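J.: Build me a model from this:
(chains A and B)
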2 protein chains.
Amino acid sequence: MTPISVVAYGLGPIGLSIAGLALDRGYNIVGAVDIDPQKAGEDLGTLLGRAPVGLKVTADPTEALAKGPQVVLHSTQSHIPQVLSQVIDCLDAGACVVSTCEEMAFPWYRHPAAAHRIDRVARAKHVAAVGVGVNPGYVMDVLPIVLTAPCKDVRSIHVTRVVDAGKRRLPLQRKVGSGMTKDEFLRGVGDGRIGHVGLAESVAMISDALGWQLNEITEDIEPVMDGAAVKGLHQVARGLQGDRSVITLDLTMAVGVPNPRDTVVIEGEPPLNVTAAGGVHGDVATCAIAVNAIPRILEAPPGLTTAYRLAPIHV
Amino acid sequence: MTPISVVAYGLGPIGLSIAGLALDRGYNIVGAVDIDPQKAGEDLGTLLGRAPVGLKVTADPTEALAKGPQVVLHSTQSHIPQVLSQVIDCLDAGACVVSTCEEMAFPWYRHPAAAHRIDRVARAKHVAAVGVGVNPGYVMDVLPIVLTAPCKDVRSIHVTRVVDAGKRRLPLQRKVGSGMTKDEFLRGVGDGRIGHVGLAESVAMISDALGWQLNEITEDIEPVMDGAAVKGLHQVARGLQGDRSVITLDLTMAVGVPNPRDTVVIEGEPPLNVTAAGGVHGDVATCAIAVNAIPRILEAPPGLTTAYRLAPIHV
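T.: Numbering: from 1, shown residues only, chains lettered A, B, ... in the order given. Got it, this is the predicted structure:
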């Protein structure tokens, strides 16, 4: 069998590890794109700290997409307005898109017009697009949805994710505010530099799967303090029916936080209480899910989809 | 929207609760089949201990299938040779089939010729068939498969399911040998009255999903003793590569067994250790999964499929 052809679009820390895993899995990487002038022109293997693979990184997506990849592994930014034209270009070139853009996990929530446009272009080109990742895209949405399979009835879903940011890469520690003062943290929240992107998307995804009408999705964020210094964030999104939170996603990402874990509690018949001890490692997981999604996106019907509507992504 | 039309085929304890949940969910039950002469002629509602619903149970599947259901919820026996002609009749009538027959969870393992026949008939009729249930079909196969999504690499999967049979219906307590002597238990294992059906199917399903070649699937069963009396069974299925068990499914079902739970341990990158505290309740879960599978089987491509290839079943 001819290996599936792939373009790696975005070579930050996550994008690079995605490209490395795709290479390891034997996918045929026909293009690698990054706008960073320091990366353009480098051999992809060299950038990965490996032997050269004979593929130069380009800053020009058009050049990579001209190779006609079947799938683009897209890992650039977190918000739809930042990535929309990138995603559309990939679809226009006839490639399926697997994106780690957080808002792509459930784009109908914040950007319905953009979602509609992505869907329309994908259908026209007979390809599919999906946003994936560990969170959003797995531990706080797809996994709880899958865990309702044995339930006759579900009244509420409560997911707790506790991540020790001290064990994660530096950009993530910055994103959770580690080392800041409380004032800096709050300013960072105000201008969008601090905070996890995608929690509300996960609430929206769960409510979509379960057919629950919510009257509101709320999000709250506060610093986790260590004396006068911020060591991370505590962010909670709630899906409300009346004043009752039927979907509660409670995320703590802080340096040195005890008992890291992912816990899903389902109030229903039967009730369920499921814990991944130690939690699911975020960066490795997002990279793996993106590459593991390749066979699933190629099987998916044309259009924009969301992770819970694909057949299960697995190793 | 017109509700989806359903036939309930098999009205034992599981089949009855499936029919009851399908009614509660608003499905249009157009037929109910059971060969038990005590049930035939009864109103389905009455059999459920509810108000009559105006639908008489029939012993003749042809009569029920003549109503042209979109889906048959099939819950009769555990082995493919017992159910094959029933399933074929349903497909021939143009209905999708969701079956709780344990061997249907992965029929290619023990009965490849029958699986091929089911697949051929289903494709010819443009309908789909799947075997579902909590085990096989969910906790020891689909769930571990879903849990590999965040893994770059998986070296082994070890699932432990511990069920307190004392909290389950009497037929199940009998099936696990509760109250027998050790000799009776071993004779029961020998003639197939004792033992969980489907463990090897779960191993086969996982290896199929992960593309792992196994050289053998082994199954061992022993009684769990309480003095001289059997209180249940301990059954282990292993998927071997060489002499290494890469898939180990370890099932204990015994009256009064401590710490009931479902635990999935994945040795890989990243490693995962996930536990459903108290375990997933078997009978409720199988009933719920069967009814929750209705939208998924209607979307599935024609043919015989298996639970991990469907988009996630959820409430």
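J.: Which stretches in chain A count as strands?
T.: Applying DSSP state E to chain A gives strands spanning A:5-9, A:28-33, A:71-74, A:96-99, A:128-131, A:153-164, A:216-226, A:229-241, A:244-254, A:261-269, A:272-277, A:303-304.
J.: Make CSV out of those and add mean pLDDT.
T.: Below are these laid out as CSV (pLDDT from 0 to 100):
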stretch, mean pLDDT
strand A:5-9, 98
strand A:28-33, 98
strand A:71-74, 98
strand A:96-99, 98
strand A:128-131, 98
strand A:153-164, 98
strand A:216-226, 97
strand A:229-241, 97
strand A:244-254, 98
strand A:261-269, 98
strand A:272-277, 98
strand A:303-304, 98
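J.: Residue B:199 is nearest to which of the ones you listed?
T.: Closest to residue B:199 of those, according to CB to CB: strand A:272-277, at 21.5 Å. All C-beta spots, glycine's among them, are computed from the backbone N, C-alpha and C.
J.: Any buried residues in that closest one, and which?
T.: In terms of neighbour count (16 or more other CB atoms under 10 Å in any protein chain shown), strand A:272-277 has its buried residues at A:272, A:274, A:275, A:276.
J.: what are the bridge partners for the last one, then?
T.: Taking DSSP bridges as the rule, residue A:276 bridges to residue A:262, residue B:274.
J.: Am I right that it is in contact with residue B:273?
T.: Yes. At 6.9 Å, residue A:276 counts as touching residue B:273 under the criterion of CB atoms under 8 Å.
J.: how many neighbours does the residue in the stretch 151-300 of chain A positioned nearest to chain B have?
T.: Nearest residue of the stretch 151-300 of chain A to chain B: residue A:285, at 3.3 Å (CB to the nearest CB). Counted by other CB atoms under 10 Å in any protein chain shown, the residues lying close to residue A:285 total 24.
J.: Now do it against residue B:198, distance only.
T.: The gap separating residue A:285 from residue B:198 is 30 Å, by CB to CB, to the nearest Å.
J.: same question, residue A:190
T.: Per CB to CB, residue A:190 is found 55 Å from residue B:198.
J.: again, but for residue A:141
T.: For residue A:141, the distance to residue B:198 - CB to CB - is 29 Å.
J.: Could you do residue A:259 as well?
T.: Between residue A:259 and residue B:198 the computed distance is 35 Å (CB to CB).
J.: Same drill for those two, tell me which one is more crowded.
T.: Using other CB under 10 Å as the criterion, residue A:259 and residue B:198 rank with residue B:198 on top: 27 against 11.
J.: who's in contact with the more buried one?
T.: B:78, B:102, B:103, B:105, B:133, B:135, B:136, B:137 (CB atoms under 8 Å, 6 or more residues apart in numbering or on different chains).
J.: Out of those, who's the most crowded?
T.: residue B:137 leads the contacts of residue B:198 on contacts (other CB under 10 Å) with 34 neighbours.
J.: Hmm, residue A:235 is touching residue A:221, no?
T.: Yes. With contact defined as CB under 8 Å, residue A:235 counts as touching residue A:221 (4.5 Å).
J.: Now do the shared contacts for these two.
T.: Both residue A:235 and residue A:221 are contacted by residue A:195, under the criterion CB under 8 Å, 6+ apart.
J.: Excluding sequence neighbours, find me the nearest residue to the most centrally placed residue in chain A.
T.: Chain A has residue A:133 as the residue nearest its centroid, 3.1 Å off, counting by CA atoms, centre = their mean. Leaving aside its chain neighbours, residue A:133 sits nearest to residue A:286 (4.4 Å; criterion: CB to CB, 6 or more residues apart in numbering or on different chains).
J.: separation between the one you found and residue A:299?
T.: Distance, residue A:286 to residue A:299, by CB to CB: 21 Å.
J.: With neighbour numbers in mind, choose between those two.
T.: Per other CB under 10 Å, whichever of residue A:286 and residue A:299 has more neighbours is residue A:286, with 24 against 12.
J.: so where's chain A uncertain?
T.: Residue ranges of chain A with pLDDT under 70: none are present.
J.: Where do the domain boundaries of it fall?
T.: The record's domain parsing of chain A by automatic domain parsing lists A:5-133+A:285-309, A:142-280.
J.: Redo those as TSV? Include distance to residue B:173.
T.: As requested, these are exported to TSV (distance: least, CB to CB, whole Å):
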stretch	distance to residue B:173
domain A:5-133+A:285-309	36
domain A:142-280	19
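J.: what about dumping the CA coordinates of stretch A:30-46 to PDB?
T.: What follows is stretch A:30-46, C-alpha atoms only, in PDB (Å, rounded to 0.1, in the frame of the first residue of the first chain):
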ATOM      1  CA  VAL A  30       5.300  15.700   1.400                       C
ATOM      2  CA  GLY A  31       5.500  19.100   2.900                       C
ATOM      3  CA  ALA A  32       6.300  21.000   6.100                       C
ATOM      4  CA  VAL A  33       5.200  24.500   6.700                       C
ATOM      5  CA  ASP A  34       6.200  27.100   9.300                       C
ATOM      6  CA  ILE A  35       6.200  30.900   9.000                       C
ATOM      7  CA  ASP A  36       9.200  31.200  11.300                       C
ATOM      8  CA  PRO A  37      12.000  32.400   9.000                       C
ATOM      9  CA  GLN A  38      14.500  30.600  11.300                       C
ATOM     10  CA  LYS A  39      12.800  27.300  10.400                       C
ATOM     11  CA  ALA A  40      12.100  27.800   6.700                       C
ATOM     12  CA  GLY A  41      14.700  26.200   4.500                       C
ATOM     13  CA  GLU A  42      15.800  23.800   7.300                       C
ATOM     14  CA  ASP A  43      15.400  20.100   6.700                       C
ATOM     15  CA  LEU A  44      12.500  18.700   8.700                       C
ATOM     16  CA  GLY A  45      14.600  15.900  10.200                       C
ATOM     17  CA  THR A  46      17.300  18.400  11.300                       C
END
